[in-house]
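**Student:** Below is the structure, and that's it, no one-letter string:
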């Protein structure tokens, strides 16, 4: 056999191998689903029965139209930057907290930087005494809403008075043609101390657990994402025991949730900082069916804390912390005192 024939034969084998690999190449669709605490997105209007006076032109923060518009622009910039590393179209679904009303969200999604994204809004006025709510923003060409419900978190003060907090928001619909459920949360704060305030977060977790059990009863293969500012870390009992969110896949039992933020927290990453200590209060937690490699739809791929350099305080005492809008009453002109978080979902399309 001549050298030429040998070379041609090898070339032919390489061609056949390339054709075979091309035939086996799979295409995937990736969606990003996230959560962002907006750090007090208030309008400038003094609303009766809402504790919003400080966020008015005459209030302690000197909140005015110029600052409000800058805040909207900053948030729009962050939203546009989320998820773009893997999901070409960016974020598809975004839970949000610390918003005063639906009007501020309407202003946000109409901002020139976001208008072409065509975000829809699901909002509900919670009874929270500060007047802040949770909501869901969604790209209308990615997610079609079927249903929304809210669930009251009943809390009481030591004297027996009702302690109003944020409701839990459930939004169900079709994400790129596939049934998905999103629970948006902002659990009670640690005001008064972590241990003293712990029962409130446990109660909020119990409400979520009730909703999860109901969804699983209707569909044992329900794909659910619990998201929010939980004011607890992935290792706190409210998350691990009351919600039933395991930080290791091998620990999962039937109806458990998987908390991918646990590994990030274990490595020292956080979404908010206080007194030189990082916490990972902002979380996205997925149901077990999103881990099933046998399903043909979306699966959990990766969890991300969106802590890009531009989102960090550049100088001073709080250098490296989330670049916030205010420190006390001092206007900083930043984004939020929390980093956003999101998860990537992936599915084979060919």
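**Tutor:** Looks like it came in fine. This is a predicted model, so every value here is computed, not measured.
**Student:** Ramachandran angles for residue 238?
**Tutor:** Here the main-chain torsion angles of residue 238 (degrees, to the nearest 10) amount to phi -60, psi -40.
**Student:** pretty sure it contacts residue 232?
**Tutor:** Yes. Using Cβ atoms under 8 Å, residue 238 makes contact with residue 232 at a distance of 4.9 Å. C-beta here means a position set from N, CA and C on the backbone, and glycine is covered the same way.
**Student:** so what's in contact with the two at the same time?
**Tutor:** Taking Cβ atoms under 8 Å, 6 or more residues apart in numbering as the contact rule, residue 238 and residue 232 both touch 187, 201.
**Student:** who's more crowded, these two?
**Tutor:** Applying other Cβ atoms under 10 Å to residue 238 and residue 232 shows that residue 232 carries more neighbours, namely 27 against 24.
**Student:** sec struct for the more buried one, please.
**Tutor:** coil (DSSP: H, G, I helix; E, B strand; the rest coil).
**Student:** I'd like the numbering to begin with 393 instead of 1 from here.
**Tutor:** With 393 as the first residue, the last one maps to residue 624.
**Student:** Who are the contact partners of it?
**Tutor:** With contact taken as Cβ under 8 Å, 6+ apart, residue 624 is in contact with 579, 593, 630, 631, 673.
**Student:** so residue 523 sits right up against residue 492, yeah?
**Tutor:** Yes. Assessed by Cβ under 8 Å, residue 523 is found in contact with residue 492 at 5.7 Å.
**Student:** Those two: which is more packed in?
**Tutor:** Just comparing residue 523 and residue 492: by other Cβ under 10 Å the higher neighbour count belongs to residue 492, 22 against 18.
**Student:** Could you check how far the residue nearest to that one when sequence neighbours are not counted is from residue 522?
**Tutor:** Leaving out its chain neighbours, the residue that sits closest to residue 492 by Cβ to Cβ, 6 or more residues apart in numbering is residue 434, at 4.4 Å. Distance of residue 434 to residue 522, computed by Cβ to Cβ, to the nearest Å: 10 Å.
**Student:** In terms of neighbours, single out the busier of these two.
**Tutor:** residue 434 (25 against 17).
**Student:** per-residue pLDDT, that one?
**Tutor:** In this model, residue 434 is scored at 97, pLDDT.
**Student:** Return the residues in contact with it.
**Tutor:** Shown in contact with residue 434 (Cβ under 8 Å, 6+ apart): 444, 447, 455, 460, 492, 496.
**Student:** if I look at it, how far off is residue 736?
**Tutor:** Residue 434 is 32 Å from residue 736, where distance means Cβ to Cβ.
**Student:** Next: residue 544.
**Tutor:** Look at residue 544 and residue 736: by Cβ to Cβ, they are 32 Å apart.
**Student:** more neighbours, those two?
**Tutor:** Set side by side, residue 544 and residue 736 show more neighbours around residue 736, with 20 against 13, by other Cβ under 10 Å.
**Student:** Make sure that one is indeed in a strand.
**Tutor:** Yes. Assignment of residue 736 by three-state DSSP places it within a strand.
**Student:** Test my guess that it contacts residue 476.
**Tutor:** No. Assessed by Cβ under 8 Å, residue 736 is found out of contact with residue 476, at 11.2 Å.
**Student:** Please enumerate the shared neighbours of the two.
**Tutor:** With Cβ under 8 Å, 6+ apart, residue 736 and residue 476 have no common neighbours.
**Student:** which ones are touching residue 688?
**Tutor:** Taking Cβ under 8 Å, 6+ apart, one finds 739, 740 in contact with residue 688.
**Student:** helix or strand for it, which one?
**Tutor:** If you go by DSSP states H and E, residue 688 is not part of any helix or strand.
**Student:** mind checking how far it is from residue 467?
**Tutor:** Distance from residue 688 to residue 467, by Cβ to Cβ: 36 Å.
**Student:** Name the SS class of residue 647, please.
**Tutor:** coil.
**Student:** how many neighbours does the residue nearest to it when sequence neighbours are not counted have?
**Tutor:** Setting aside the residues directly before and after it, residue 647 is nearest to residue 608 in space (Cβ to Cβ, 6+ apart), at 5.3 Å. Residue 608 has 17 neighbours, counted by other Cβ under 10 Å.
**Student:** Residue 608 is in what secondary structure piece?
**Tutor:** Using DSSP H and E, residue 608 maps to helix 586-610.
**Student:** And that helix, what does it pack against?
**Tutor:** Applying 3 or more Cβ pairs under 8 Å, 6 or more residues apart in numbering; DSSP states H and E, we find helix 586-610 packed against strand 535-543, strand 560-567, strand 570-578, strand 616-621.
**Student:** what's the angle from the last one to helix 586-610?
**Tutor:** In other words, strand 616-621. 160 degrees (axes from the mean of the first three to the mean of the last three Cα atoms, to 10 degrees).
**Student:** Packing partners of strand 616-621?
**Tutor:** So strand 616-621, by 3+ Cβ pairs under 8 Å, 6+ apart, packs with strand 420-433, strand 483-491, strand 570-578, helix 586-610, strand 674-679.
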